[in-house]
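Q: got a predicted structure here, sequence first:
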Amino acid sequence: MHWWPRPPSKHQPILLDGRPVPYMDYSMPWLLPWSACGNPVLAVPAGTSVEGLPIGVQIGAPHYAEDGLIHFGKEVERLGFGFVPPPAQASIP
């Protein structure tokens, strides 16, 4: 049972402790509080795990601070951090 409506998703479930977990179930608990409050949020890549999976950091800011978040994201990208697809997805078109 889920506590929010589940719209169709193009994202595949991930394996968590050996069981598939739908995208909305593993992402919504982290996104919902910020979105509900209306704060801008930016997810930035922070490298990869030992298994080669992408690791990201979610940065939140005060209301109307989108320009600062975008600047921060550009600086992170300039430093060489960028999205690296997991090995299993790298060959998916």
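A: Here it is on my side, so go on. Numbering: from 1, shown residues only.

Q: separation between Cys37 and Pro62?
A: For Cys37, the distance to Pro62 (Cβ to Cβ, to the nearest Å) stands at 10 Å. To be clear about C-beta, it is placed using only N, CA and C from the backbone, and glycine gets the same treatment.

Q: mind listing the strands for the chain?
A: Counting by DSSP state E, the chain has strands at residues 14-16, 19-21, 41-48, 54-60.

Q: can I get the last one as CSV, trimmed to CA atoms?
A: Written as CSV, here are the backbone C-alpha positions of strand 54-60 (Å, rounded to 0.1, in the frame of the first residue of the first chain):
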residue,chain,number,x,y,z
PRO,A,54,25.6,7.0,-9.3
ILE,A,55,25.5,8.9,-6.0
GLY,A,56,23.7,12.3,-5.8
VAL,A,57,23.2,15.0,-3.3
GLN,A,58,20.1,17.0,-3.0
ILE,A,59,20.7,20.7,-2.2
GLY,A,60,17.8,22.8,-0.9
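
Q: returning to what we had before: would you tell me which one of the strands of the chain is buried the most?
A: strand 41-48 (a mean of 14; mean count of other Cβ atoms under 10 Å).

Q: packing partners for that one?
A: helix 23-37, strand 54-60, helix 66-78 (3 or more Cβ pairs under 8 Å, 6 or more residues apart in numbering; DSSP states H and E).

Q: could these go into TSV alongside mean pLDDT?
A: Shown next, in TSV, are the helices and strands packed on strand 41-48 (pLDDT from 0 to 100):
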stretch	mean pLDDT
helix 23-37	76
strand 54-60	83
helix 66-78	90
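
Q: in a markdown table, list those along with distance to Pro13.
A: Formatted as a markdown table, the helices and strands packed on strand 41-48 follow (distance: least, Cβ to Cβ, whole Å):
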| stretch | distance to Pro13 |
| --- | --- |
| helix 23-37 | 7 |
| strand 54-60 | 16 |
| helix 66-78 | 27 |
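
Q: out of those, which comes closest to Ala43?
A: strand 54-60 (4.9 Å; Cβ to Cβ).

Q: tell me the contacts of the nearest residue to Trp34 once chain neighbours are set aside?
A: In space, Trp34 comes closest to Val41 once its chain neighbours are excluded; the distance is 4.6 Å by Cβ to Cβ, 6 or more residues apart in numbering. Counting by Cβ atoms under 8 Å, 6 or more residues apart in numbering, Val41 touches 31, 34-35, 58-61, 69.
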